[in-house]
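Student: Give me coordinates for this.
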Amino acid sequence: MIGTSLCKWTVSYFALAVVWLLLAEGVMVAGFGFPHDDIGGPDTLVIVHIVCIGWLSTAVCGALFQFVPVLVARPLYAERWTLPALALLALGLMVLLAGFLALGGHFNGPRWLLPVGAGLLTSGFTLVAANLGMTLWSARPLPGPARFVAVGLACICVTAAFGGMFSLVLSGTAVAAPWPDLLLSGIPIHAIAGLGGWLTFTAMGVSYRLLAMFMLAPDGDARLGRPAWRAGAAALAVGVVGGVLAPWRASGLNLVLLLAGAAALLSLAAYGRDVLGLYRTRKRRALELNTRMSLLALGSLVAVAILGAASAATGSLQSHAGALVFLVAFGWLTGLVLANLYKIVPFLTWLETYGPVMGRVPTPRVQDLVAERRASKWFVLFFAGIWAATMMLWIDAAPGFRIAVAVVTVATLGLVEELVRARRLADVAEPLRLPAGAAVPRLLVSRN
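Tutor: Take a look at the predicted model:
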């Protein structure tokens, strides 16, 4: 990536995303939403959308704007669209959350808040999908990891479409009577397309490239990721298309979800095999902190697969759904994103600061921008808190859940401080910190 143009607003996406993450953790510690309220209630929907849109989607969008051009060796189609997209996503989420709060009776708000918020979010995701989609289109045929991203972009379009439909129904703008069965199946489709397709499948594809790049592992085999992509794409197609076309009976939807779940397990198994292969064949023998923590996130994903299959077999899946979704959102996705941000932010900072003077003056290594020993305790505390919080949800111990999330919040604050220090070059020793021709980067915006 030496000489690669930096996306100016990627760091801004990351900064806003971690603000949303801290907000979500704070309201959970305060006892807002599930498990203190109904899992499908308006208060829980506030937390779900803060995490899935504010935190995870914003962070993923920022990363994709920087790394999709690397995946396909093409420039980003329209960088000027990235800032409007960020503004639409932020504004749309705030309006949507206001709508959920009004729906929950926290204040007397107009009924149009939900559809307006959904419309703004759809506009923001449309800009994101169009920008990244045109970048991918210019690079046909797509390399393996980019195919995951293409499917993920299709899934965010499905997610936004169902979200818009739900906003119309919940606000009373449209009545649900003509489509009762579609609405019944729409909730799992919305979740499958969002958590499974947009967030998980996209993260899987990007992680192939990032892990190989940061571990110096060979990834030139065209077959790498192919079984995982095929099985995952089949799972998403069955879950989304089959869910819409399923017979208007609960048993028909259940069959679709069962088939989609089986294909998803095959995809995850193939992905796990590929990732372990990258770890085994790496040239960088000493694992850096981000790759070690990525293994813990992958362990959480394995735990979700095992616990989910066991719950489905014993008929307790519905009662444990909250714990499993929490482990997916925080143990797997949040853990993976934070682990990679710990490498991506210093890496982009290094490129911005030292790339222009590389080869002319002595420069530090990327590793010199961080203090792994100090940061490792925050990651350990984070994952320990996540696993403890999942256990509390599993045994229905709400006070214990709040305590565990408080631990997670402390760890998150510690990791955010590490990212800020990396951005400020605070851990780079003199005289390498600012050689002639280099400048301290801006905290929230990159020089490209």
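Student: how about the helices of the stretch 1-150 of the chain, start to end?
Tutor: Along the stretch 1-150 of the chain, counting by DSSP state H, counting those that start in this stretch, helices occupy 10-29, 42-49, 58-72, 82-103, 113-137, 144-170.
Student: Now do the buried residues in stretch 279-287.
Tutor: 279, 282 (16 or more other Cβ atoms under 10 Å). Backbone N, C-alpha and C define where each C-beta goes, glycine included.
Student: first vs last residue of it, how far apart are they?
Tutor: Stretch 279-287 stretches 9 Å from its first residue to its last (Cα to Cα, to the nearest Å).
Student: List of residues touching that stretch?
Tutor: By Cβ atoms under 8 Å, 6 or more residues apart in numbering, the residues outside stretch 279-287 that reach it are 211, 214-218, 291, 295.
Student: swap in stretch 391-408?
Tutor: Contacts for stretch 391-408 (Cβ under 8 Å, 6+ apart): 25, 28-31, 35-36, 320, 322-323, 326, 330, 381-382, 384-386, 388-389.
Student: Only whichever of those residues are buried, select them in PyMOL.
Tutor: Those of these that count as buried under 16+ other Cβ under 10 Å are selected in PyMOL with:
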select buried, resi 25+28+29+35+36+320+322+323+326+330+381+382+385+386+388+389
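Student: quick one: A375 and Y342 touch, right?
Tutor: Yes - between A375 and Y342 there is a contact at 6.6 Å, judged by Cβ atoms under 8 Å.
Student: residues shared between the contacts of those two?
Tutor: 289, 415, 418.
Student: now, among those residues, which is nearest to L132?
Tutor: L415 (26.8 Å; Cβ to Cβ).
Student: how near is that closest one to W378?
Tutor: Here the criterion is Cβ to Cβ, to the nearest Å. By it, L415 lies 5 Å from W378.
Student: G172 now?
Tutor: Taken as Cβ to Cβ, the span from G172 to W378 is 45 Å.
Student: Nearest residue to the middle of this structure?
Tutor: By Cα atoms, centre = their mean, the chain has its centre lying nearest to L56, at 3.6 Å.
Student: Which residues are in contact with it?
Tutor: L56 sits in contact with 17, 199, 329, 333-334, 337, where contact means Cβ under 8 Å, 6+ apart.
Student: can you rerun that using 6 Å?
Tutor: L56 makes contact with 199, 333 under the criterion Cβ atoms under 6 Å, 6 or more residues apart in numbering.
Student: Please apply the same query to L444.
Tutor: Taking Cβ under 6 Å, 6+ apart, one finds 11-12, 15 in contact with L444.
Student: Following the helix or strand bottoming out on mean pLDDT in the chain in sequence, what is the next regular element?
Tutor: Here the helix or strand of the chain ranked lowest by mean pLDDT, DSSP states H and E is helix 180-191, holding a mean of 71. For helix 180-191, the succeeding helix or strand toward the C-terminus, using DSSP states H and E, is helix 202-215.
Student: re earlier: who's more crowded, G172 and W378?
Tutor: For the pair G172 and W378, the greater number of neighbours falls to W378 (21 against 13), based on other Cβ atoms under 10 Å.
Student: In terms of pLDDT, where does W248 sit?
Tutor: W248 is assigned a predicted lDDT (pLDDT) of 52.
Student: now I2
Tutor: 45.
Student: One more: A286?
Tutor: So A286 comes in at 86 (pLDDT).
Student: That one: what secondary structure?
Tutor: Secondary structure of A286, reduced to three states by DSSP: H, G, I helix; E, B strand; the rest coil: coil.
Student: Distance of it relative to V345?
Tutor: Distance from A286 to V345, by Cβ to Cβ: 21 Å.
Student: tell me which of the shared contacts of A375 and Y342 is nearest to A85?
Tutor: L415 (25.5 Å).
Student: Just want the angle from the host helix or strand of A270 to helix 144-170.
Tutor: Secondary-structure assignment from DSSP H and E places A270 in helix 250-280. If you take axes from the mean of the first three to the mean of the last three Cα atoms, to 10 degrees, helix 250-280 sits at 150 degrees to helix 144-170.
Student: any idea of the mean pLDDT for the helix or strand just after helix 250-280?
Tutor: As assigned by DSSP H and E, the chain's next helix or strand after helix 250-280 is helix 289-314. Averaging pLDDT along helix 289-314 gives 91.
Student: For helix 289-314, enumerate the helices and strands it packs against.
Tutor: Counting contacts by 3 or more Cβ pairs under 6 Å, 6 or more residues apart in numbering; DSSP states H and E, helix 289-314 is packed against helix 335-354, helix 372-394.
Student: Alpha carbons only: can I get the last one in CSV?
Tutor: Included here for helix 372-394 are C-alpha records, laid out as CSV according to Å, rounded to 0.1, in the frame of the first residue of the first chain:
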residue,chain,number,x,y,z
GLU,A,372,1.2,-3.6,22.6
ARG,A,373,2.0,-4.7,26.2
ARG,A,374,-0.1,-1.8,27.6
ALA,A,375,-3.0,-2.3,25.1
SER,A,376,-3.1,-6.1,25.6
LYS,A,377,-4.6,-5.7,29.1
TRP,A,378,-7.5,-3.8,27.6
PHE,A,379,-8.2,-6.5,25.0
VAL,A,380,-8.1,-9.2,27.7
LEU,A,381,-10.5,-7.2,29.9
PHE,A,382,-12.8,-6.6,26.9
PHE,A,383,-13.1,-10.2,25.8
ALA,A,384,-13.4,-11.4,29.4
GLY,A,385,-16.3,-8.9,30.0
ILE,A,386,-18.0,-9.9,26.8
TRP,A,387,-17.9,-13.6,27.6
ALA,A,388,-19.1,-12.9,31.2
ALA,A,389,-22.0,-10.7,29.9
THR,A,390,-23.0,-13.5,27.5
MET,A,391,-23.0,-16.0,30.3
MET,A,392,-25.2,-13.6,32.4
LEU,A,393,-27.7,-13.4,29.5
TRP,A,394,-27.6,-17.1,29.1
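Student: For that helix, what is the distance to the chain centroid?
Tutor: 18 Å (Cα atoms, centre = their mean, to the nearest Å).
Student: could you give the angle of that helix to helix 289-314?
Tutor: 10 degrees.
Student: Which positions within the helix or strand following helix 372-394 qualify as buried?
Tutor: Counting by DSSP H and E, the next helix or strand C-terminal to helix 372-394 is helix 398-423. Within helix 398-423, the residues that count as buried by 16+ other Cβ under 10 Å are 401-402, 404-409, 411-412, 414-416, 418-419, 421-423.
Student: Could you do stretch 17-26 as well?
Tutor: Using 16+ other Cβ under 10 Å as the test for burial, stretch 17-26 gives 17-18, 20-21, 23-25.
Student: Provide the secondary structure category for L224.
Tutor: Per three-state DSSP, L224 ends up coil.
Student: For it, grab phi and psi.
Tutor: With angles defined as degrees, to the nearest 10, L224 sits at phi -60, psi 120.
Student: From F148, how far off is it?
Tutor: Applying Cβ to Cβ, the value for L224 to F148 is 12 Å.
Student: Neighbour count for those two, which is higher?
Tutor: More crowded of L224 and F148, by other Cβ under 10 Å: F148, with 28 against 20.
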